[in-house]
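Student: Return atomic coordinates for the entry below.
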Amino acid sequence: MNQLQQKIISAYKNRFSNKPIVVCAPGRVNLIGEHTDYNSGFVLPASIDKAIFLAMSKNDLGIIRLHSVDMTPDYVEIPVSENYTKSEISWSNYIIGVVDELKKAGHKIEGFDCVFGGDVPIGAGLSSSAALEGGVAFGLSHLYDLNLSKLEMTKAAMQAENNFVGVNCGIMDQFASLHGKKDKVIKLDCRSLEYEYYPFSWDDIRILLCDTKVRRTLDGSEYNNRREQCEKGVQIIKEKYPEVETLRDVTHRQLESEKDKMDDVIYARCLYVLNENKRVLDACQDLVNEDLIGFGDKMYESHRGLKKNYEVSCRELDALVDATKELNSVLGARMMGGGFGGCTINIVKLEKLEETKAAIRDYYKKKMGIEPDFHVAKIGSGTHLVSKSIETESIENQI
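Tutor: Okay, the predicted model is just below:
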């Protein structure tokens with residue numbers, strides 16, 4: 001049992017009496033394919049070895065009792081209800097949103113206790129919220145014998161964020177957290193939800209996440225604005241090509257034919273999405289060919305598109321990417337996540353890892369006046385049950 005898991009179980013024991021199940025729900029990285037998921041496009045994410053642990057058990061109190069070991073305020077009680085409303089304690093909405101979606105799907109969720117915490121940096125673009133949502137869906141399926149498939153959990157988790165939290169995210173984050181496999185990336189078709197695993201395991205390569213320390217949450221309007229702009233582009237193209245439903249259906253020829261009917265912003269958003277979808281497919285072929293140089297080049301191309309056409313980067317993210325361009329130890333770099341802050345993702349040669357971090361740190365401090373944080377991630381397993389309640393009786397002897 002690792003220290004983080006021990007911490008969560010200890011916090012659970014200090015507050016509740018029932019023996020819990022313990023769920024591990026990882027964060028995710030997305031190597032390429034940003035802002036394509038809600039446009040029914042392709043993405044290439046993977047679950048990582050940073051995770052949220054949840055200790056959960058049923059209670060007979062008709063109350064949902066939630067305790068976060070990392071957030072303030074750290075505790076909330078919510079009566080079991082037929083009509084849940086948003087709480088002022090924002091983190092609890094990610095959990096209650098999942099309960100609400102499961103209830104709407106016909107599942108009966110009574111009172112339960114949940115203690116959670118982890119080492120997925122909040123606001124860094126590693127999808128801590130999706131990990132929490134997916135972990136709750138996974139845990140409740142086990143507690144209440146719902147027998148949900150991973151896809152059903154994924155959809156409930158995404159819908160919780162869409163309908164309850166109010167962020168119009170796509171399905172990628174929750175899918176990657178729940179479906180991840182060690183040393184594999186997932187090419188996910190966000191239209192059909194078909195997916196394929198590609199190997200990503202090099203002993204001499206590490207994934208380096210460089211944190212801007214800028215925290216701008218997706219609750220802001222910019223994320224939803226991008227989605228609306230893409231939808232506007234689809235509406236314009238659909239007038240001539242009625243078979244088009246999303247940007248996934250649009251060809252470059254069709255986009256160019258309708259360019260004059262769009263303002264420059266709408267056109268740029270659509271062009272980015274079409275180009276990014278192609279980059280994902282080409283990057284997968286690079287993995288088949290074991291061509292990390294080609295793969296890394298496409299990461300840089302992705303960042304340029306996110307900066308110039310989709311306009312979701314920021315000075316801090318650009319500085320971190322620029323810091324790598326003269327480093328032969330970095331094969332590829334780009335911003336990752338919703339944008340406007342968070343992390344860049346970098347493919348780095350292991351033998352030069354510390355040297356690379358030092359060079360990026362110096363460049364960023366000179367440009368921004370602050371030092372970035374670094375996270376070295378490995379591709380790990382998806383959401384899974386660490387221990388069942390019948391097995392946790394011996395936990396008291398381990399902590």
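Student: and Glu194, how many neighbours?
Tutor: Around Glu194 there are 9 other residues, counting by other C-beta atoms under 10 Å. In this view, the C-beta of every residue, glycine as well, is placed from N, C-alpha and C.
Student: Equivalent analysis for Tyr363, please.
Tutor: 19.
Student: contacting residues for the nearest residue to it once chain neighbours are set aside?
Tutor: Distances taken as C-beta to C-beta, 6 or more residues apart in numbering place Ala323 nearest to Tyr363, at 3.7 Å, with adjacent residues excluded. By C-beta atoms under 8 Å, 6 or more residues apart in numbering, the contact list for Ala323 reads Ala359, Ile360, Tyr363, Tyr364, Lys367.
Student: Among these, which one sits closest to Glu152?
Tutor: Set against Glu152, the nearest of the contacts of Ala323 by C-beta to C-beta is Ile360 (40.9 Å).
Student: wait, doesn't Ile52 sit right on Ala131?
Tutor: Yes: using C-beta atoms under 8 Å, Ile52 is in contact with Ala131, at 4.7 Å.
Student: Pull the distance from the longest strand seen in the chain to the chain's centre.
Tutor: The longest strand of the chain (DSSP state E) is strand 42-58. Centroid separation for strand 42-58 versus its chain: 9 Å, with C-alpha atoms, centre = their mean, to the nearest Å.
Student: So which elements touch it?
Tutor: helix 3-15, strand 21-32, strand 112-118, helix 128-143, helix 172-179, strand 184-189, helix 264-288, strand 373-377 (3 or more C-beta pairs under 8 Å, 6 or more residues apart in numbering; DSSP states H and E).
Student: Work out the sheet partners of whatever helix or strand comes next after the last one and label each with its direction, please.
Tutor: Same thing as strand 373-377. Counting by DSSP states H and E, the next helix or strand C-terminal to strand 373-377 is strand 384-387. Its sheet considered, strand 384-387 pairs with strand 21-32 (antiparallel) by DSSP bridges.
Student: So for Gln5, what's the nearest residue that isn't a sequence neighbour?
Tutor: In space, Gln5 is closest to Phe53, 5.3 Å off (C-beta to C-beta, 6+ apart).
Student: Check Ser141 too.
Tutor: The nearest residue in space to Ser141 (C-beta to C-beta, 6+ apart) is Leu148, at 4.1 Å.
Student: in the helix or strand of the chain with the lowest mean pLDDT, what counts as buried?
Tutor: Across the helices and strands of the chain, mean confidence by mean pLDDT, DSSP states H and E is lowest for strand 384-387: a mean of 90. Across strand 384-387, burial judged by 16 or more other C-beta atoms under 10 Å covers His384, Val386, Ser387.
Student: and which of these is nearest to Phe340?
Tutor: His384 (32.0 Å).
Student: ok now do the closest one, which residues does it touch?
Tutor: His384 touches Val23, Cys24, counting by C-beta under 8 Å, 6+ apart.
Student: do you know how far it is from Lys7?
Tutor: 19 Å (C-beta to C-beta, to the nearest Å).
Student: Point out where this structure drops to low pLDDT.
Tutor: For the chain, residues meeting the criterion pLDDT under 70 lie at 1, 123-124, 216-220, 388-399.
Student: How is it divided into domains?
Tutor: 3-201+380-397, 205-377 (automatic domain parsing).
Student: most tightly surrounded among the ones you listed?
Tutor: domain 3-201+380-397 (a mean of 20; mean count of other C-beta atoms under 10 Å).
Student: Distance from that one to the middle of the chain?
Tutor: Put simply, domain 3-201+380-397 sits 11 Å off its chain's centre (C-alpha atoms, centre = their mean).
Student: mind checking how far Ile21 is from Phe112?
Tutor: 10 Å.
Student: again, but for Asp362
Tutor: Distance from Asp362 to Phe112, by C-beta to C-beta: 49 Å.
Student: if we can go back for a sec, which neighbours do Ile21 and Phe112 have in common?
Tutor: Met56, Ser57, Leu143.
Student: now, among these, which is nearest to Ala319?
Tutor: When the shared contacts of Ile21 and Phe112 are compared against Ala319 (criterion: C-beta to C-beta), the nearest one is Met56, at 41.0 Å.
Student: How about the closest one: what's its closest non-neighbour residue?
Tutor: Closest to Met56 by C-beta to C-beta, 6+ apart is Gly139, at 4.3 Å.
Student: got a list of what the one you found touches?
Tutor: Ile21, Val23, Leu54, Met56, Cys114.
Student: now do Leu350
Tutor: The contact partners of Leu350, taken as C-beta under 8 Å, 6+ apart, are Asp203, Asp204, Ile205, Arg206.
Student: Throw those residues into CSV and include secondary structure and distance to Tyr94, thanks.
Tutor: What follows is these, written out as CSV (DSSP: H, G, I helix; E, B strand; the rest coil; distance: C-beta to C-beta, whole Å):
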residue, secondary structure, distance to Tyr94
Asp203, coil, 36
Asp204, coil, 37
Ile205, strand, 33
Arg206, strand, 30
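Student: Out of the residues you listed, which is nearest to Tyr195?
Tutor: Taking the contacts of Leu350 together and measuring to Tyr195 by C-beta to C-beta, the closest member is Ile205, at 23.0 Å.
Student: any idea how far Phe164 is from Ser92?
Tutor: Going from Phe164 to Ser92 by C-beta to C-beta gives 10 Å.
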